[in-house]
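K.L.:
turn this into a model:
(3 chains)
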Amino acid sequence: MLAVLFVIVAACLAAPLYASRIAHTDPFSSNIRGTTLVDGKQVPVMQSQTGGLGLGVTPIGPTWDPGHYLLGADEQGRDVAARLLYGGRNSLLIGVSSAAICCFLATLIGLVAGFFGGLLDGVLSRLLDIVWAFPVYLLAISLSVVLISQGIDLGFMTITAGSPWLPVFIIGLVFVPYVARPIRGQVQSLREKEFVEAAIGLGASNVRLIFSEVLPNVVTSVIVFLPLMVAVNMLTESALSFLSIGVQPPDASWGTIILDGQQLIYTRPWVAIAPGVAIALTVLALNVFGDGVRDALDPRAKLR
Amino acid sequence: MKRRAARIGIVTLGAAVLGVIAAACGGGATSTPSSTPTGSTATTGGTDRASLMAKHRGGTLNLLAKSAGGTLDPQVNYTLQYWNLYQATYDSLVAFKKSGGQDAFTVVPDLAEAIPTPTNGGKTWTFTLRKGIKFSDGRDLTVADVVASFQRIFKVKSPTAGGFYAGIVGADKCLTTPATCTLDGGISADTTAGTVTINLKAPDAEFLYKISVPHASILPANAPSSDAGSVPIPGTGAYMFTTYDPNKELVLARNPSFKEWSVDAQPDGYPDTIHYGFGLTDEAEVTAIENGQADWTLDQPPADRLNEIGTKFANQTHLNPLTAMWYAPLNMNLPPFNNLKARQAINFAVDRNAAIQIFGGPNLATASCQVLPAGFPGHADYCPYSANPGTTWSAPDLAKAKQLVQESGTAGQSVAVVVADDEVAKGMGTYLQSVLTSIGYKASVKAISGNIQFTYIQNTKNKVQISVSQWYQDYPAASDFLNVLLGCASFTPGSDSSINISGFCDKGIQARMDAALALGVTDQNAANAEWAKIDAAVTDLAPQVTLFNPKHVDFVSKNVGNFTFSVQFYWLVDQSWVR
Amino acid sequence: MVSFLARRIASMVFVLFSISVLVFVIFFATPGVDPAARIAGRNASQETLAAVRHDFGFDRPLPVQYGIMMRKLFISRDLTSFVNRGVAVIPQVTEAAPVTFSLVLGAAVIWVIAAIVVGVAAAVFRGTIIDPVLMILGLIGISMPVFWLGEVVNLVTQNRLHDSVFSWVPPLGYVPFTSDPWMWFKAMVVPWFVLATTYAGLYGRVLRSALLETQGEDYVRTARAKGLSERRVLIRHTLRTSLIVVVSLFGLDFGALVGGSALLAEVVFGLQGVGKLTYDSLQNLDLPVIMACVMYAAFFVVVANALVDLVYAWLDPRVRHA
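P.N.:
I've put the predicted structure just below:
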């Protein structure tokens, strides 16, 4: 399965190469009135129907020729295969970076809440409770709808409207309780352990304790969570993009390509099927990989 | 008028010239309408109609829509979805003729006995009410109801209260303090004579049009003085609303108190019941109609079903051109489109046929460069932004566009296209982004919810440079496009309600528009000739990129006969039969 | 016990209150959401706009507006939409709820049965090829985006094979159980299976690992030593204990789904459920509906959390006797 993952990542990284050298296409620019060569004839990429009342326009179907329109065109006459590779870059990027943000924040909160306890723990746990009480998809959707058209300005960082960092940020945030809760529990039990008590007895500072005694013990769990979070986050990203509140046009992700393909599903099903297969394969590979990591490091770790 | 977006297009009224098509296609497989050359069929009256009525009266017509159209109050609602139904349920003093073809632009007397000649230099209109008309709750219609209804326009804060009815004496006070609106001096009734007199501040060539739309419906005087929401208000039409649940259905039944008084204004209808179901997807709607489980859908068919209905179900599909436009307003107060050359450049660069492809193909729309749609009063073909500048659009001129961008010195600037998030509008946005990039801008596209996009692009605070929008006529007058969309009075910086999205305000052109409006009171033909010149002058200044004039697709079941398409209010629902 | 319940309820109320404030504040902090122009209608004059703004109280301080909204939502129960003038909010939620409930309940039945079959089979046949095959199938179920699976299934049942195998599948959309139970069933079967796929995979895997874990526990070994048959041990002891894990998962998932998380399935299958309503209201920025939906969803999640704790105590002998 690792090989599959590797192939997918490599293919997506090679997207610009494919688009410019093999398919000779710009996957981000409309080609509604363009033509392409099929069986020695120039045919329009977007074909107007002529039968009956002559309603409707159908994009060209798969040519099964990597040189042009391997998987056909989408509703803007763009090469679906090229967009699929470019879209994969975004999907993977969002999955990985949001998982990283999520695990970082969750570890931070889990450490602080679990180690210090008391009022701090109370406040943080209540916060987690509030986020937890939102069905996670609904929370992600709510935030996206509100933020996607105006962006966000947090003072120290600004994310402009439509930026792919917006879904990264949102997805990273909403899953924090899922990771933070188990970590907090783990830290709490670690704090009771003899070696920590001993260190406290020896007068070690809190910061030192956290970094030298507690963190190393928590890190394995985080590592176990990471690939599984990437998988979950990629699914979430595709859902947001499918609802048109994730990656914004003309950028692509696998979710947005499924959305584009939805309106062509009966006439050109490949536009929607291909990115779905790509997501399923990637997520499957990540899950298998994640399971392997867990079995090797910490068989009892559970995400929820 | 701007109306709710459907998937392919937007759903509204219109279609001037080729009403003949409505009759030619009129009637599904089972109908044999006696078409007249004007395109009006069942509404021509006489024995013909009586025999058709005897043969086809009865049954239930099943309509579908993805969602309901909001409040049922005819003085508040501003959607085609219900304006269409109000034709059969409510009446005004005068009405657009219920007929197919160009005739539907004619105003005929409705609750009034006749169309009066205004006195007092065109400022005073005295209407005599017909006798014997009853509301659906059995009460008699009186002049007091008329007065109350005009006051109610302001009390319920009708969207067009300030736009259409501010010309009535006393309207200013009603607009600022709606609750206590009396329209003192503006409207008065004479109970014994059965007359209602309306005084205007100035003569208005479009006054009859303005009181023919549903916002001027005559309702019982005791109707609630705030938006009635989902509770039906009794009306005088051939049908009445019986049940309304915005998440489920809307049902119309025959008005038991109705007696036909004018075939032209309020004809009796064929079906006994009209049932409107909400909640199916557009795909499911098309399937239901194909299977004969439903008779019609409000929503335009999804893109991948168009070919199917255009071939397998061609005789159940009706195509009618609309007096409407899809356009991209250019913000004249923000770079880069505060520069005339930049605006002209994008006009030269946009391939109208590409936009039409996105809309559903060449048979669904007509390319255009100008403001007034074809078949509209004052329209004269004009297109300076074409590879061969002249009367009609032929092809884009990218070289010229690139050159203009260079000359304007705006090359390399950032431009964001703001569109609604339905498939077609998003497609247009993506295409425009592509075009802008190709002529030298750093373009991006921003899709926001269709329900907020329209107010969002109007507000200057949101700094929208270019957007995609649509405009559908309210009534057949050139001012409804030119003066409403591009008049100085329609531009209010910082407000969500500033329909002049381009922020176009040219003193000289405004003066010409005002003069044309005044001229229309005495000589409409001369005024229309002047509007044509104004249209050309505005088009030269390029406050917008006009994309195309859309056509409307009606897909009906094989049970539906006598399909009649009004250029003003679209399909005359109750004039079709199902048996 | 009483103090436990009181604390539990207090914390529920606190969470719900915080969420409502949060939603309210976020809404008004978002630029471009002023509902007045949309309520007033297209091309409304500035006077009309001002009158509408005053009418709906948008010119009053936010805490007052919040109070009015809460009063209308919970006490007078006549809150109306900001977008569809005059349309009451609460009936919208109560109309959408049965749709979602039908969808989630049917799917839950399917996924619980499937998960038990898969989990038990994989545990029983451990060491044979059946175990890894079932587990990979489960993973595939988890890995497919539900909306994509729905699209593909629609393609097959509504189009490609609609003239043969799947001619019985009605057009997309909901048919109320009360109007035609058989049609209701036919319309829901496909969405049920699609929604159940992910959860069947997930629960099957969870159940298997729980079964294997429990098999090693002392009391199971004792039961076996007492000479009970392997099947009896599995069903009476191992499965029962292992189901605890599933029950707690189930409670949370079921609560979230009923509260609106089934949104994606609702969107692809054209079902006007709570999730779709929430999504539409968010898209329309229709605060009253958003508020009602979010409160509804959060309520289910919070209650589900509490119920899970109770059921946990009831099912697990160790917790019960502790």
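K.L.:
can you list the domain ranges for chain A.
P.N.:
Domain assignment of chain A by automatic domain parsing yields the ranges A:2-80, A:86-252+A:276-303.
K.L.:
just these: most buried one?
P.N.:
domain A:86-252+A:276-303 (a mean of 20; mean count of other C-beta atoms under 10 Å in any protein chain shown). (Glycine included, C-beta is placed from N, CA and C.)
K.L.:
could you tell me how far it lies from the centre of the chain?
P.N.:
Remark: domain A:86-252+A:276-303 is offset 12 Å from the chain centroid, using C-alpha atoms, centre = their mean, to the nearest Å.
K.L.:
before we move on, what about stretch A:62-78?
P.N.:
25 Å.
K.L.:
how about it and chain C, touching?
P.N.:
No - Stretch A:62-78 does not reach chain C (C-beta under 8 Å from any C-beta of the partner chain); its nearest approach is 14.9 Å.
K.L.:
wait, does that stretch make contact with chain B?
P.N.:
Yes - using C-beta under 8 Å from any C-beta, stretch A:62-78 reaches chain B at A:75-76.
K.L.:
may I have that stretch exported as PDB, CA atoms only?
P.N.:
Output in PDB follows, covering the C-alpha atoms of stretch A:62-78 (Å, rounded to 0.1, in the frame of the first residue of the first chain):
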ATOM      1  CA  PRO A  62     -12.000  10.300 -22.500                       C
ATOM      2  CA  THR A  63      -9.600   9.800 -25.400                       C
ATOM      3  CA  TRP A  64      -7.500   7.300 -23.400                       C
ATOM      4  CA  ASP A  65      -4.500   9.000 -25.000                       C
ATOM      5  CA  PRO A  66      -2.200  10.700 -22.400                       C
ATOM      6  CA  GLY A  67      -1.200  13.300 -25.000                       C
ATOM      7  CA  HIS A  68      -4.600  15.100 -24.800                       C
ATOM      8  CA  TYR A  69      -7.800  14.700 -22.800                       C
ATOM      9  CA  LEU A  70      -6.900  11.300 -21.400                       C
ATOM     10  CA  LEU A  71     -10.000  11.400 -19.200                       C
ATOM     11  CA  GLY A  72     -11.900  13.900 -21.300                       C
ATOM     12  CA  ALA A  73     -12.700  17.600 -20.600                       C
ATOM     13  CA  ASP A  74     -14.700  19.200 -17.800                       C
ATOM     14  CA  GLU A  75     -17.400  21.800 -18.300                       C
ATOM     15  CA  GLN A  76     -14.800  24.500 -19.000                       C
ATOM     16  CA  GLY A  77     -13.100  22.400 -21.600                       C
ATOM     17  CA  ARG A  78     -10.100  21.800 -19.400                       C
END
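K.L.:
okay, the domains of chain A in a markdown table with mean pLDDT and distance to residue B:407 next?
P.N.:
Formatted as a markdown table, those follow (pLDDT from 0 to 100; distance: least, C-beta to C-beta, whole Å):
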| stretch | mean pLDDT | distance to residue B:407 |
| --- | --- | --- |
| domain A:2-80 | 88 | 24 |
| domain A:86-252+A:276-303 | 85 | 27 |
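K.L.:
so for residue C:165, which of those sits nearest?
P.N.:
Closest of these to residue C:165 is domain A:86-252+A:276-303, at 21.8 Å (criterion: C-beta to C-beta).
K.L.:
the closest one close to chain B?
P.N.:
Yes - using C-beta under 8 Å from any C-beta, a contact is recorded between domain A:86-252+A:276-303 and chain B, made by A:145, A:148-149, A:161-162, A:244, A:248-250.
K.L.:
what residues does the stretch 51-200 of chain A put near chain C?
P.N.:
Within reach of chain C by C-beta under 8 Å from any C-beta, the stretch 51-200 of chain A has these residues: A:126, A:129-130, A:132-138, A:141-142, A:145-146, A:149-150.
K.L.:
nearest to chain B among those?
P.N.:
residue A:149 (4.4 Å; C-beta to the nearest C-beta).
K.L.:
and the stretch 151-300 of chain C, which residues reach chain A?
P.N.:
Within reach of chain A by C-beta under 8 Å from any C-beta, the stretch 151-300 of chain C has these residues: C:151-152, C:154-155, C:159, C:249, C:252, C:256-257, C:259-261, C:263-264, C:267, C:275, C:278-279, C:282-283, C:285, C:290, C:294, C:297-298.
K.L.:
just the ones in helices from those residues, please.
P.N.:
When DSSP state H is applied, those are split such that C:151-152, C:154, C:249, C:252, C:256, C:263-264, C:267, C:275, C:278-279, C:282-283, C:290, C:294, C:297-298 fall in helices.
K.L.:
intersect these with the contacts of chain B.
P.N.:
Checking those against chain B (C-beta under 8 Å from any C-beta), the matches are residue C:283.
K.L.:
any of the ones in helices among the residues of the stretch 151-300 of chain C next to chain A buried? List them.
P.N.:
Neighbour-count burial (16 or more other C-beta atoms under 10 Å in any protein chain shown) applied to those gives C:151-152, C:154, C:249, C:252, C:256, C:263-264, C:267, C:275, C:278-279, C:282-283, C:290, C:294, C:297-298.
K.L.:
quick one: the residue of chain C most remote from its centre from chain B, how far?
P.N.:
Taking C-alpha atoms, centre = their mean, the residue of chain C most remote from its mean C-alpha position is residue C:47, at 44.2 Å. The spacing between residue C:47 and chain B, counted by C-beta to the nearest C-beta, to the nearest Å, is 4 Å.
K.L.:
tell me the contacts of residue C:171?
P.N.:
Counting by C-beta atoms under 8 Å, 6 or more residues apart in numbering or on different chains, residue C:171 makes contact with B:280, B:283-284, B:287-288, B:293, C:158.
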